[in-house]
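Trainee: Turn this into a model:
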Amino acid sequence: MALPPLVEPAAELTVDEIRRYSRHLIIPDVGVEGQKRLKNAKVLCVGAGGLGSPALMYLAAAGVGTLGIVDFDTVDESNLQRQIIHGQSDIGKPKAESAAASVREINPYVNVQIHNTSLDNDNVFEIFGQYDLIVDGTDNFATRYLVNDACVLLGKPYVWGSIYRFDGQVSVFWDQYGPNYRDLYPEPPPPGMVPSCAEGGVLGVLCASIGAVQVTEAIKLITGIGEPLLGRLMVYDALDMSYRTIKIRKDPNAEPITGLIDYDDFCGAVSEEAQEATLGSTITVHELKEWQDAGKDIFLVDVREPAEYEIVRIPGSTLIPKGDILNGEALATLPQDKQIVLHCKSGVRSAEALAAVKAAGFKDAVHVQGGVVSWVKNIDPSLPEY
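Mentor: Residues are numbered from 1 along each chain as shown. Here you go, the predicted structure:
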C-alpha cells in the first residue's frame, strides 16, 4: 500500500547540494521536493556491521540529513570480509566511530550522531525518539524484538533485514499501518536452532544486496514514493539469483505490545534443558589442556560444522556435528568407556548437544566453556580466529 511521505521537506537545497544530488533531482518521482525530504530526514541505523555498512553508506550518499549509528562493538579483522564501511586501519576501533568517519567522507553534508552503546530497555526510547525511521541491521533475536517493540510503542516505522549464508530477507514494519515483526515471528526459535553468521557464515556481498534493498525501502518511506514492503517479506536466494515476496498479515489474536520485556530471557541463550545439563558439567579450556597433558582417557567431540572444523580445531578432537547428535544418529558412535567432552565455537551449541548426550545415558559428559574461541585466546594464540 502507498503511504504518505514520512517527513516534511526541508526549506531549501544549496547550490552545492543541487550539484551533488542532481541524478536524484532529474527523477520525476524524487525531484527537488523528494530530495528536500531526504535532507530533513533523521534515520537511525541499529548496527554498523554487515547490513549497517552498506545501509549507512548509501543513506549518506542519498543525502539523508541526519544519520544515527548505534553500535557498541569494535572492528575485528573477521568483519572486513563483509563490513565494507570499515578498513584495515580501523581494527580495534569502536564500530560506531569508524562508520561515522566513513559517512563523513562520503557526504560532509550529513549530520552524524554516534551512540557508542549497547541498545537496551533503559536507552531505547531516548535514542529512538530522536529519529523518524529505524533501519534494523542487528544479528540476534533479542535485539530484534527490542527494536520491534520500541518502534510499536513509539509509533515509528522500521526497515528490517536478515542475512545468512546465501539467503536474505527484508520487510518494512509499521504497526499502525500493517504488521510488525511479531506478526512474522510471534516467538523466537528455540535457542541454538538458528546459527548466527559467526557460526554458519555469510557471503560477504549478500550484505550489500540486502542492505541496498533496506535503503531503497527507507528512501521510499521518507519520500512517499512507490509501494514499500509493508505487509510483504522479500526473500532473496543468491545461489538461484531469485527474489520472491511473501504476504504478511497482522495477527488479529496477537497480544498487544504494552511495554518492554526481558528480551534475553524471552529469547534465551540456551534452552532450559541445556542450562540444566551444563550445571556441574562445564570445564574450562585450561582444565581440558590439563586433562590432555595428563593423558586422561577422554573422547573430545567438536560439534561444529565441517567447514568450521577445517578452519581451526582443538588438537585431538573428533568432528560430530550437533545436528547428528540431536537427531540421534551419532549417539551410537560415542564410546561407553571414555568420558565425553564436547565443544563448539563459543559454548552454546555444545551445551545443547550435552543435554542430548546426557539424556542418552552419558551422565559424566561435560562441555567446554568458551569453546574454540577460548582455546585460541587462552591456550594457543597461534591458531586462527573466525
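
Trainee: Flag every buried residue along stretch 96-112.
Mentor: Burial within stretch 96-112, assessed by neighbour count using 16 or more other CB atoms under 10 Å, is assigned to A96, E97, S98, A99, A100, A101, S102, V103, N107, Y109, V110, V112. Every C-beta, even on glycine, is put in place using the N, C-alpha and C of the backbone.

Trainee: Can you verify L44 is assigned to a strand?
Mentor: Yes. Under DSSP: H, G, I helix; E, B strand; the rest coil, L44 sits within a strand.

Trainee: List the contacts of it.
Mentor: L67, G68, I69, V70, I127, F128, Q130, Y131, L133, I134, V135 (CB atoms under 8 Å, 6 or more residues apart in numbering).

Trainee: I69 is in contact with the fifth one, correct?
Mentor: No. Using CB atoms under 8 Å, I127 makes no contact with I69, being 10.6 Å away.

Trainee: Ramachandran angles for V368?
Mentor: V368 has phi and psi values of phi -100, psi 120 when expressed as degrees, to the nearest 10.

Trainee: returning to that earlier point: now the contacts of L44 as TSV including neighbour count, distance to P306 and secondary structure?
Mentor: Below are the contacts of L44 laid out as TSV (neighbours: other CB atoms under 10 Å; distance: CB to CB, whole Å; DSSP: H, G, I helix; E, B strand; the rest coil):
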residue	neighbour count	distance to P306	secondary structure
L67	26	41	strand
G68	23	41	strand
I69	25	36	strand
V70	27	36	strand
I127	19	41	helix
F128	21	41	helix
Q130	12	46	coil
Y131	21	43	coil
L133	24	41	strand
I134	26	38	strand
V135	27	35	strand
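
Trainee: still on that earlier bit, now for I127 and I69: what residues contact both?
Mentor: By CB under 8 Å, 6+ apart, the residues touching both I127 and I69 are L44, H115.

Trainee: how would you label the nearest residue to Q275 once chain neighbours are set aside: helix, strand or coil?
Mentor: Once flanking residues are discounted, Q275 sits nearest to A351: 7.4 Å by CB to CB, 6 or more residues apart in numbering. Put simply, A351 is helix when judged by three-state DSSP.

Trainee: Quick check: A351 touching T278?
Mentor: Yes. A351 is within contact range of T278, at 5.1 Å (criterion: CB under 8 Å).

Trainee: Tell me, how many residues neighbour E310?
Mentor: 9 (other CB atoms under 10 Å).

Trainee: so where does it fall, helix or strand?
Mentor: helix 306-311 (DSSP states H and E).

Trainee: hmm, back to that, name the nearest of the contacts of L44 relative to E77.
Mentor: Nearest to E77 out of the contacts of L44 is I69 (CB to CB; 20.7 Å).

Trainee: how much space between the closest one and H86?
Mentor: 12 Å (CB to CB, to the nearest Å).

Trainee: G63 now?
Mentor: G63 is 22 Å from H86, by CB to CB.

Trainee: so who does E8 touch?
Mentor: R37, N40.

Trainee: And the strands in this structure?
Mentor: 42-46, 66-70, 111-115, 133-136, 158-164, 167-173, 232-237, 242-247, 282-283, 298-302, 318-319, 339-343, 366-368 (DSSP state E).

Trainee: for the ones you listed, which one sits closest to Q81?
Mentor: Nearest to Q81 among these is strand 158-164; the distance by CB to CB comes to 12.7 Å.

Trainee: Please name the bridge partners of the residue nearest to L288 when sequence neighbours are not counted.
Mentor: Counting by CB to CB, 6+ apart, L288 lies nearest to V368, which is 5.6 Å off, once chain neighbours are set aside. Beta-bridge partners recorded for V368 (DSSP bridges): I283.

Trainee: Next one: V368 from L119, what distance?
Mentor: For V368, the distance to L119 (CB to CB) stands at 30 Å.

Trainee: So between those two, which is more surrounded?
Mentor: V368 (27 against 21).

Trainee: Please parse this structure into its domains.
Mentor: 15-267, 272-378 (automatic domain parsing).

Trainee: can I get these in a markdown table with mean pLDDT and distance to M1?
Mentor: Shown next, in a markdown table, are these (pLDDT from 0 to 100; distance: least, CB to CB, whole Å):
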| stretch | mean pLDDT | distance to M1 |
| --- | --- | --- |
| domain 15-267 | 96 | 6 |
| domain 272-378 | 95 | 40 |
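
Trainee: shared neighbours of I69 and H86, anything?
Mentor: Joint contacts of I69 and H86 (CB under 8 Å, 6+ apart) are A48, K95, A99.

Trainee: Inside helices: which ones of these?
Mentor: K95, A99 (DSSP state H).

Trainee: Now do the helices in the stretch 201-350 of the chain.
Mentor: 204-223, 263-267, 272-278, 285-293, 306-311, 322-326, 348-359 (DSSP state H, counting those that start in this stretch).

Trainee: Pick the most deeply packed of those helices.
Mentor: Across these, averaging neighbours per residue (mean count of other CB atoms under 10 Å) puts helix 348-359 on top, at a mean of 25.
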